[in-house]
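J.: turn this into a structure:
(chains A, B, C and D)
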There are 4 protein chains.
Amino acid sequence: MMTDLFAQINTRIRFNEVDSMGIVWHGSYIKYFEDAREEFGRKFELGYLKIFSEGFYAPLVNIDFSFKSPLKYGDIARIEIKYNDNEAAKIEFSYKIYNSETDILIATGASTQVFLDKDFKLMLYPPDFFIQWKNKYLNESK
Amino acid sequence: MMTDLFAQINTRIRFNEVDSMGIVWHGSYIKYFEDAREEFGRKFELGYLKIFSEGFYAPLVNIDFSFKSPLKYGDIARIEIKYNDNEAAKIEFSYKIYNSETDILIATGASTQVFLDKDFKLMLYPPDFFIQWKNKYLNESK
Amino acid sequence: MMTDLFAQINTRIRFNEVDSMGIVWHGSYIKYFEDAREEFGRKFELGYLKIFSEGFYAPLVNIDFSFKSPLKYGDIARIEIKYNDNEAAKIEFSYKIYNSETDILIATGASTQVFLDKDFKLMLYPPDFFIQWKNKYLNESK
Amino acid sequence: MMTDLFAQINTRIRFNEVDSMGIVWHGSYIKYFEDAREEFGRKFELGYLKIFSEGFYAPLVNIDFSFKSPLKYGDIARIEIKYNDNEAAKIEFSYKIYNSETDILIATGASTQVFLDKDFKLMLYPPDFFIQWKNKYLNESK
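T.: This is a model prediction of the structure:
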């Protein structure tokens, strides 16, 4: 049985992340997703710096997100991130953001990253280091 | 025959919008979409301030975008926005971003907004002012 | 003997806070100062929400900061904030940012806030709630 | 008689630059200053890319700014930038921001940049290209 690769992080809503209606500006969620992705990277050795050190860059090529309920200044968001395995040379994550005090679902989302080499050339097959990463973490989690 | 409601705006890529790889950070595109939405709002009288003055707030509830090609610091982006009419109490736009000098497609996207009244209650039917807006602009463009 | 009113907070440098030279973009420091100010507000009951609830708004009217040494993506910054008491209807803070691992001084700064009432009128004398705040916290810290 | 080296740029206040009080968040001014600096750089050949191409990086080491009056969403700011010559290996600018419709003074500020070479070593004397730049532009403007 396979367990999901999963991480989560709490972040307190900053004054500068809120719009003139007093609720979180939608663009701020992009940062919360990135915070979660970085937390995942630290936990499972797949951060930007690790990927750079392997000779690759993993830019976002697709993001989507849906908003269910607003967050306000001073709220604490819990951002959950889950790795979705696939055969392609891609890193796919899905996200859920909750109000950490009420457990109300705030937003959901997904992101896809591809691999570029140091000449910014798209990798059509998963790089070796990523295959090894899968062997380590997906086996561990079975 | 109906013509699309369409607007576009050019924006020069700022130093602070570029990441450590020297290309535009994906979160910056959210701002370019908003720039285009505001330009559309000025051109067709559907800006945030207009919507506020009618007693409503129109938050984003869904965004997605895909990246095709990078932008660099100093490039000029042309952001195109198109209104997609529908029966629901929603405002839907699609977006295309081009490198204004090369005409290379940089990114595509879509957004959906709903209407909340002043008590933050979701409108299930299009507000009157929005129906009048459609009558004015969608008829004009037929 | 008076002890300083002092707070501190650690923040991990985000990918989106770094510029194309790989170091923290200077504008990001404004956010770190705000993070520290909010931590101070939580610790000593002087946050934006507290000030709002008393009927006032306390916008920044002056900020300055100096950079001594760069921070990089992945570094952890320790932001220290100190309250500087004065007779005027102003809130004055000074800031020091350190690399939390090396203790190298990264930046220093200062900020001044004034009080506006709900009609955005400048308060020439300290509001009552602020005098009471001083009585509580500056006496406590003597 | 020497004329000032001077540039200006207009920018429309974006929804995401405004805080929950409906006025421009103080951190947004950092971006307006950068917009003005880049406009100056385009006009007088002293932009980041020019400086990079000469083998240098010119990070900000000091910024200060004072706020006189608020800007709101939808306002258009006029940002003026003036070069202040000095003997040191530094680039110094001063800034004034006006509401472009009312000509009310919104903010003032100043910034100082130093030169680092490609190994991030501080230049104690002005680089040759900068001396040539001064010869060209400060003579022209006498």
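
J.: surely residue A:107 is within a strand?
T.: Yes. Checked against DSSP: H, G, I helix; E, B strand; the rest coil, residue A:107 lies within a strand.

J.: what is the burial count for it?
T.: 23 (other CB atoms under 10 Å in any protein chain shown). C-betas here are computed from N, CA, C, even on glycine.

J.: what helix or strand is residue A:8 on?
T.: Assigning secondary structure by DSSP states H and E places residue A:8 in strand A:6-12.

J.: end to end on stretch A:73-89, go ahead and measure it.
T.: End-to-end distance for stretch A:73-89, by CA to CA, to the nearest Å: 38 Å.

J.: what about that stretch, near chain C?
T.: Yes. Applying CB under 8 Å from any CB of the partner chain, one finds stretch A:73-89 in contact with chain C at A:73-74.

J.: now the strands: where do they sit in chain A?
T.: A:6-12, A:60-67, A:76-83, A:90-99, A:105-114 (DSSP state E).

J.: okay, which residue is most central for chain A?
T.: residue A:37 (3.2 Å; CA atoms, centre = their mean).

J.: one step back: between strand A:76-83 and the strand holding residue A:8, find me the angle.
T.: In terms of direction (axes from the mean of the first three to the mean of the last three CA atoms, to 10 degrees), strand A:6-12 departs from strand A:76-83 by 160 degrees.

J.: how distant is strand A:6-12 from the center of its chain?
T.: 10 Å (CA atoms, centre = their mean, to the nearest Å).

J.: likewise stretch A:73-80?
T.: Stretch A:73-80 sits 15 Å away from the centroid of its parent chain (CA atoms, centre = their mean).

J.: ok, and for it, which residues are buried?
T.: Within stretch A:73-80, the residues that count as buried by 16 or more other CB atoms under 10 Å in any protein chain shown are A:73-75, A:77-80.

J.: about what we covered before: hmm, the residue nearest to the centre of chain A is touching residue A:83, no?
T.: No. Using CB atoms under 8 Å, residue A:37 is not in contact with residue A:83; the gap is 10.0 Å.

J.: common neighbours of these two, please.
T.: Common contacts of residue A:37 and residue A:83 (CB atoms under 8 Å, 6 or more residues apart in numbering or on different chains): residue A:93.

J.: if we can go back for a sec, redo the strands of chain A as a markdown table? Include distance to chain D and mean pLDDT.
T.: Putting those into a markdown table (distance: least, CB to the nearest CB, whole Å; pLDDT from 0 to 100) gives the following:
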| stretch | distance to chain D | mean pLDDT |
| --- | --- | --- |
| strand A:6-12 | 15 | 96 |
| strand A:60-67 | 15 | 96 |
| strand A:76-83 | 17 | 98 |
| strand A:90-99 | 18 | 98 |
| strand A:105-114 | 17 | 97 |
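
J.: up against chain C, what does chain A have?
T.: So chain A meets chain C at A:12, A:14-16, A:31, A:34-35, A:38, A:47-49, A:73-74 (CB under 8 Å from any CB).

J.: and with 7 Å instead?
T.: Within chain A, the positions near chain C by CB under 7 Å from any CB of the partner chain are A:14-16, A:31, A:34-35, A:38, A:48-49, A:74.

J.: quick one, which of the residues you listed are buried?
T.: By neighbour count, with 16+ other CB under 10 Å, the residues of chain A next to chain C hold A:14-16, A:31, A:34-35, A:38, A:48, A:74 as buried.

J.: tell me which of those fall in helices.
T.: A:31, A:34-35, A:38, A:48 (DSSP state H).

J.: out of the residues you listed, what pair is the most spread apart?
T.: A:31 and A:48 (14.5 Å; CB to CB).

J.: residue B:27 versus residue A:23, what's the distance?
T.: Going from residue A:23 to residue B:27 by CB to CB, to the nearest Å gives 18 Å.

J.: thanks a lot, see you next time.
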